[in-house]
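*Asks:* no sequence for this one, just the structure:
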């Protein structure tokens, strides 16, 4: 049988098979190209939200969070001490999940959800986590829905404008943003008693994305910005297209519903991790890494969830785990765990390169008493076996010496709702 380490080396699936310095350099160059309007896999989308401004105090705002299958709304305000105060959170199902609906029905449904709360405030912050083009007035035009929501007539429509008109209140203020931007703002709100040099938002769950605060003078693709100000940039980092992909990454990508898109995300995010692991394990089985019986069992698998792959290496006692049923011997079990753990370790290094690039791009965090606050959300980051500790090791070891930067990490509950509220409360 082929040695497991030989298999990993031949397919360049070990973290040592790519250079972090080179990856940071390429990621940074893609960021700059995206800001300058040059060809880049990173869209570097301006949000027109100036996160370094103060928040209005004691002003109620309607916070709305729409993403995936869930729709939530609540009245939120910031008191005079800078603490966030939230009313009851109302939860609903996103319209268009059960059947295809018209644009009119889509806006009429969500307007019905929020109308009682909207009547109590003149400001709405809307965390709308679908691909959306944000415009200078901070409204947004929907580019596409994820496959769960069936409302094709909404594509191309202005979300805020249509919602306000359906509510019958076209003059209310509304701000659209995505969940990554909301995460950054939620972290900023939780930091009222400490001084930070800047803020970064990062999400690693079903998908992945990053945002940070950029000086307008560096956003060369938009000539109409106030050069003395700054704003949050939505990187769309999951679409980074120049990561060191292997032959098995390419094979896995070719089998997804959107080959060639969001290829960085497909190397580690929760929506793809299980599928990538299965692709690699099938290759290992075909190349003689496992015993005959185990190889046959793996070859017959048609699906592997990210949860099952994670539970396997976490040694969770689950007799129904689809991978555990493939192995009867200790050696095959250990080989499978070694392969999956290598994919996890590689993922941690890729994410460390992503965040190190953004950290250095900010130019901030050079002083111990003014660190950068990085707010991170997403179950994969916190629950994937050994991921967080591996990430911290790569991240800290890279940002040292002449690249030494100071930062802190935090997690904020209800970050999408809180961030949505804060976007509408920036003075």
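*Replies:* Okay, I see it. Just so it is clear, the structure is predicted and the values come from calculations on it, not from any experiment.

*Asks:* run through the residues that contact residue 355.
*Replies:* Applying C-beta atoms under 8 Å, 6 or more residues apart in numbering to residue 355 gives the contacts 200, 202, 210, 374, 395. C-beta here means a position set from N, CA and C on the backbone, and glycine is covered the same way.

*Asks:* and the closest residue to the last one other than its chain neighbours, how many residues sit next to it?
*Replies:* Sequence neighbours aside, residue 352 is the residue nearest to residue 395 in space, at 4.2 Å (criterion: C-beta to C-beta, 6 or more residues apart in numbering). Counted by other C-beta atoms under 10 Å, the residues lying close to residue 352 total 24.

*Asks:* is it true that residue 352 touches residue 398?
*Replies:* Yes: using C-beta atoms under 8 Å, residue 352 makes contact with residue 398 at a distance of 6.5 Å.

*Asks:* mutual contacts of these two, please.
*Replies:* Both residue 352 and residue 398 are contacted by residue 20, under the criterion C-beta under 8 Å, 6+ apart.

*Asks:* contacts for stretch 300-317, please.
*Replies:* 270-275, 277-278, 281-282, 318, 321-324, 326, 336-337, 340-341, 344, 380, 383-386.

*Asks:* again, but for stretch 55-67
*Replies:* Contacts for stretch 55-67 (C-beta under 8 Å, 6+ apart): 71-80, 82, 86, 94, 110, 114, 117-118, 120-121, 123-130, 179, 182, 189, 416-418, 420-422, 424-427.

*Asks:* let's see it at 6 Å
*Replies:* 72-78, 80, 117-118, 121, 123-129, 179, 416-417, 420-422, 424-425, 427 (C-beta atoms under 6 Å, 6 or more residues apart in numbering).

*Asks:* what about stretch 172-191, average pLDDT?
*Replies:* Averaged over stretch 172-191, pLDDT sits at 92.

*Asks:* show the end-to-end separation of that stretch, please.
*Replies:* Separation of the first and last residues of stretch 172-191 by C-alpha to C-alpha, to the nearest Å is 29 Å.

*Asks:* with stretch 16-24 instead?
*Replies:* Stretch 16-24 has an end-to-end distance of 15 Å (criterion: C-alpha to C-alpha).

*Asks:* try stretch 2-22
*Replies:* For stretch 2-22, the first-to-last residue distance is 31 Å (C-alpha to C-alpha).

*Asks:* can you check stretch 136-153 too?
*Replies:* For stretch 136-153, the end-to-end distance is 23 Å (C-alpha to C-alpha).

*Asks:* quick check: buried residues in it?
*Replies:* Buried residues in stretch 136-153, counted by 16 or more other C-beta atoms under 10 Å: 138-142, 145, 149, 151.

*Asks:* contacts only, for residue 185.
*Replies:* Contacts here follow C-beta under 6 Å, 6+ apart; on that basis residue 185 touches 419, 422-423.

*Asks:* what lies in contact with stretch 241-255?
*Replies:* Applying C-beta under 6 Å, 6+ apart, the contact partners of stretch 241-255 are 11-12, 18, 26, 41, 259, 263-264, 266, 276, 279-280, 283.

*Asks:* need the phi and psi values for the nearest residue to residue 149 once chain neighbours are set aside.
*Replies:* Excluding its sequence neighbours, the residue lying closest to residue 149 (C-beta to C-beta, 6+ apart) is residue 96, at 4.5 Å. With angles defined as degrees, to the nearest 10, residue 96 sits at phi 90, psi 10.

*Asks:* state the distance from residue 96 to residue 90.
*Replies:* 19 Å (C-beta to C-beta, to the nearest Å).

*Asks:* among these two, which residue is more densely surrounded?
*Replies:* residue 96 (21 against 15).

*Asks:* pLDDT score assigned to the nearest residue to residue 205 once chain neighbours are set aside?
*Replies:* Ranked by C-beta to C-beta, 6+ apart and with sequence neighbours excluded, the top spatial neighbour of residue 205 is residue 378, at 3.4 Å. What the model reports as pLDDT for residue 378 is 94.

*Asks:* still on that earlier bit, by neighbour count, which of the contacts of residue 185 wins?
*Replies:* Of the contacts of residue 185, with other C-beta under 10 Å as the count, residue 419 tops at 31 neighbours.

*Asks:* that one reaches residue 184, doesn't it?
*Replies:* No: between residue 419 and residue 184 there is no contact under C-beta atoms under 6 Å: 7.1 Å.

*Asks:* so how many other residues sit close to residue 389?
*Replies:* As a burial measure, residue 389 scores 9 neighbours (other C-beta under 10 Å).

*Asks:* with residue 328 instead?
*Replies:* Neighbour count for residue 328, taken as other C-beta under 10 Å: 12.

*Asks:* what residues does it make contact with?
*Replies:* Not one residue lies near residue 328 by C-beta under 6 Å, 6+ apart.

*Asks:* check the gap between it and residue 291 for me.
*Replies:* Plainly put, residue 328 is 9 Å away from residue 291 if you go by C-beta to C-beta.

*Asks:* quick one: the strands in the stretch 301-427 of the chain?
*Replies:* Using DSSP state E, counting those that start in this stretch, the strands of the stretch 301-427 of the chain run over 372-377, 407-410.

*Asks:* let me see the ranges of the helices in the stretch 101-250 of the chain.
*Replies:* For the stretch 101-250 of the chain, applying DSSP state H, counting those that start in this stretch gives helices covering 103-118, 159-167, 179-189, 247-254.

*Asks:* all set now, cheers.
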